[in-house]
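Undergrad: sequence unavailable; structure follows:
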């Protein structure tokens, strides 16, 4: 029987026809490693804490903490609002007091700021008004660098308001000296989510020896309690780019438990308006797609198509604490394309979210456990799951993504510390038109699907203890046999507990998760045979493959205990596990189930200039891995260091050693196999990025071993010749020599012949960006990225003894001298007849992606977009061109262009 192997084809092992090869394993008592908390020697008793004091302090060495009262600022009500022009010369600015005495956080923590900064806050029935005067004794050196919204560039000043006063969420409003706005949400310990975009107003101006900022922040953009007399958390900061210096009104410290715990107090807010938020954004767009004409293809015989869309977004304040966000029929045509790649692994690539609706407030819905998460928003509106095979002279009118019919979010927090987030979204049933010799017909490629998520967290003991939970559901309405490979219903849930003690110096973070999925027998077979678990492996004894089941369930958890603040040392020890049946990929993201991990982390950092350093950090990390049957898999140790020098250059270097590993996934459903240990080095250096021109270099090297070697080189050049114009160019090259690259499986019924080969893969890429910011409201951006990857295979081998102590005896080399019809004809028994064939997996992949975006915010919250997206793709298999033939390869590729105009209008009632 002849079988043709394909690249990345998953094995379908028939256990009845395979004589299992069991690898030697370590004794089960090694599981005791999992219970060792190597860093925690003793845990102090819980100390009482005053509600309005901060009991940590930045020091060069560990010492007894000294209580400090939080700074306070009392605002004033005004009857006449200022004109927001940046000049601070309206009469209302005569009221109230100017607050100063800012203190450095970076680089000299606790030192007096090099330049004076003054803050004033006023309010009326609709807005909070903020005035900041940033004094500079060298005003010509103030860096006014234009940039896109939410990009830190040049000198910056701003405030953050903890309007819940829960020390967990801060709404930040910043403005650069060039007048660009930045807004985001701060969370502990040092996180800022810049995807949150509010509708507010800010302008800057120049004085003789200072630059000034003037802001108006509507109460409708904030969430707060219904109390008559409000007390909020307040933080005000300033960044002086040429010094890389941050100074703060409320002194911050790197040795504290988090940025929000150091916020000062904003008082004087009385009788604030009740929430009456009702904001809407109506949008419409038109677009044209152009591509190469094909007279034989009824869907491409014109070379272009037209499209249009009308959408509606709304933000409704249920109370001062809770907000409903919704979108109907959205279009995200202005979003930048994902980077190009060629994926030779068995695992799905994780892509970051770029769609505004799903980015905003994402921290409320997050539930991460080790390296998996229960909510991966890219699942909503993903590419169609089913792709029909086409015969000669058949054509398909393809759909890029499942259409999002609607999406709704409800989020907020009560006065008693209950945080709630609910998300619901529906994507439409997607049909594609198939043209055959007998006519056209419609094929369903994605079913109607509903996604639901609810996330809740409750604070206790002034936030020292937080208890939470999450539930998600994915329900597909499958009515077509070709979609039976999809799960019909998928449910996940989890609970989490964070407890901190001794003034938040120590913490315990625990999470438990579970999943339950149902579907057809085909769907459950797909789940059991997926790369997350490979239950069909012939040597697995603690779980079994069941071809008759119609449901699958599993669970997992993570427990971490460590030291998170005070002093210059940080450490934790962590135990995480996931059972073989755990499945999160319907609404979350998980590469592997069937794993037990134990991690240990130790870090030492210096937060003040020492010798030639502005700051430096040293890190040690130890990782141990088992499968769910307590079979030892591998360990790794990483030593890393980061340093920033007095000249503002920085380096980051790490060295990792991984032991010989028992890899249960390398044969993709076949038996486990030993792979050699390896060393990896990672080096990164960057010049002073406060300059108008700077660059960086990154080098990653996998040291040669019996399995192969690899290296990656990347460099980035950035220059801003004038304030309004910025260019950056990234160049990268990667070399991958791997003796054990999976190719496929040759078999006469079972899967007793896993085939691997040596691959020599070279990848070359570049990314060019140009930003032209004519005003804070009008900008042009260009992104262009050519990509080339070439893979050449040789030394094909049949894995015969995957756990042999000798590397060379784990496989048998195949004779590939007989080559015809783009395949290697294998005569394994030497009888002169072909036993099976292996398709030539050599490939050439060339792609170019670009986006040009003109963005004009013609009024607050309302925008006009013009977008041109271009993509050229050429995939060749087998491929014979070198990696440097990128331009020749692109010249032969298929070209697609999208021209789009989108207009949105924001209004509030």
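TA: Received, thanks. Predicted model only: the values in this text are computed from it and were never measured.

Undergrad: list phi and psi for residue 886.
TA: Dihedral angles of residue 886 (phi, psi; degrees, to the nearest 10) stand at phi -70, psi -40.

Undergrad: hmm, I was thinking of residue 890
TA: Backbone phi and psi, for residue 890 under degrees, to the nearest 10, turn out to be phi -70, psi -30.

Undergrad: wait, what's in contact with it?
TA: With contact taken as Cβ atoms under 8 Å, 6 or more residues apart in numbering, residue 890 is in contact with 786, 846-848, 872, 874. Placement of C-beta: from N, CA and C, glycine included.

Undergrad: which one of those sits in the busiest neighbourhood?
TA: In terms of neighbour count, residue 846 stands highest of those at 28 neighbours, by other Cβ atoms under 10 Å.

Undergrad: ok so, going back, tell me which of the contacts of residue 890 fall in strands.
TA: Within the contacts of residue 890, residues falling in strands by DSSP state E are 786, 846-848, 872, 874.

Undergrad: and which of the contacts of residue 890 is nearest residue 350?
TA: Nearest to residue 350 among the contacts of residue 890 is residue 847, at 19.2 Å by Cβ to Cβ.

Undergrad: so the closest one sits against residue 873, correct?
TA: Yes - applying Cβ atoms under 8 Å as the test, residue 847 and residue 873 come out as touching, 4.9 Å apart.

Undergrad: now list whatever residues contact both of these two.
TA: When contacts are counted by Cβ under 8 Å, 6+ apart, residue 847 and residue 873 have residue 893 as shared neighbours.

Undergrad: now do residue 572 against residue 616, distance only.
TA: With distances defined as Cβ to Cβ, to the nearest Å, the gap from residue 572 to residue 616 amounts to 20 Å.

Undergrad: let me fix that, I meant to ask about residue 838.
TA: Taking Cβ to Cβ as the measure, residue 838 falls 52 Å from residue 616.

Undergrad: if you count what's nearby, which of those two comes out ahead?
TA: More crowded of residue 838 and residue 616, by other Cβ under 10 Å: residue 838, with 23 against 20.

Undergrad: what pairs with the strand or helix carrying that one, parallel or antiparallel?
TA: Here residue 838, judged by DSSP states H and E, is contained in strand 836-839. Based on DSSP bridges, the strands next to strand 836-839 in the sheet, each with its direction, are strand 4-5 (parallel), strand 823-826 (antiparallel).

Undergrad: compare the mean pLDDT across those strands and name the weakest.
TA: Looking at those, the lowest mean pLDDT belongs to strand 4-5 (a mean of 39).

Undergrad: how long is stretch 380-387 from one end to the other?
TA: Between the opening and closing residues of stretch 380-387 we find a distance of 18 Å, counting by Cα to Cα, to the nearest Å.

Undergrad: what residues sit buried inside that stretch?
TA: Within stretch 380-387, the residues that qualify as buried by neighbour count (16 or more other Cβ atoms under 10 Å) are 380-381, 384-386.

Undergrad: and what of stretch 691-705?
TA: Of the residues in stretch 691-705, those buried by neighbour count under the rule 16+ other Cβ under 10 Å are 694-696, 698, 700-702.

Undergrad: residues in contact with the longest helix along the chain: which ones?
TA: Determined from DSSP state H, the single longest helix within the chain is helix 521-529. Applying Cβ under 8 Å, 6+ apart, the contact partners of helix 521-529 are 10-12, 484-488, 517, 519, 533, 535-536, 545-552, 583, 669.

Undergrad: other SSEs contacting the helix or strand that it is followed by?
TA: Elements were assigned by DSSP H and E; along the chain past helix 521-529, the next helix or strand is strand 551-563. Packed against strand 551-563, as judged by 3 or more Cβ pairs under 8 Å, 6 or more residues apart in numbering; DSSP states H and E, are the following elements: strand 368-369, strand 506-518, helix 521-529, strand 569-578.

Undergrad: so which bits of stretch 132-144 are buried?
TA: Taking 16+ other Cβ under 10 Å as the basis for neighbour counts, the residues of stretch 132-144 that come out buried are 132-136, 142-144.

Undergrad: closest one to residue 767 out of the residues you listed, please.
TA: Proximity to residue 767 was ranked across the buried residues of stretch 132-144 by Cβ to Cβ; first place goes to residue 143, at 25.0 Å.

Undergrad: separation between that closest one and residue 692?
TA: Per Cβ to Cβ, residue 143 is found 9 Å from residue 692.

Undergrad: equivalent analysis for residue 831, please.
TA: Look at residue 831 and residue 692: by Cβ to Cβ, they are 72 Å apart.

Undergrad: give me the beta-bridge partners of the closest residue to residue 882 other than its chain neighbours?
TA: Leaving out its chain neighbours, the residue that sits closest to residue 882 by Cβ to Cβ, 6 or more residues apart in numbering is residue 790, at 6.5 Å. Applying DSSP bridges to residue 790 gives these bridge partners: residue 762, residue 844.

Undergrad: residue 537 - how many residues pack around it?
TA: Counted with other Cβ under 10 Å, residues neighbouring residue 537 total 25.

Undergrad: repeat that for residue 330.
TA: Using other Cβ under 10 Å, residue 330 has 22 neighbouring residues.

Undergrad: hang on, it packs against residue 357?
TA: Yes - counting by Cβ under 8 Å, residue 330 sits close enough to residue 357 to count as a contact (6.2 Å).

Undergrad: list residues touching both of those two?
TA: Common contacts of residue 330 and residue 357, defined by Cβ under 8 Å, 6+ apart, comprise 313, 407.
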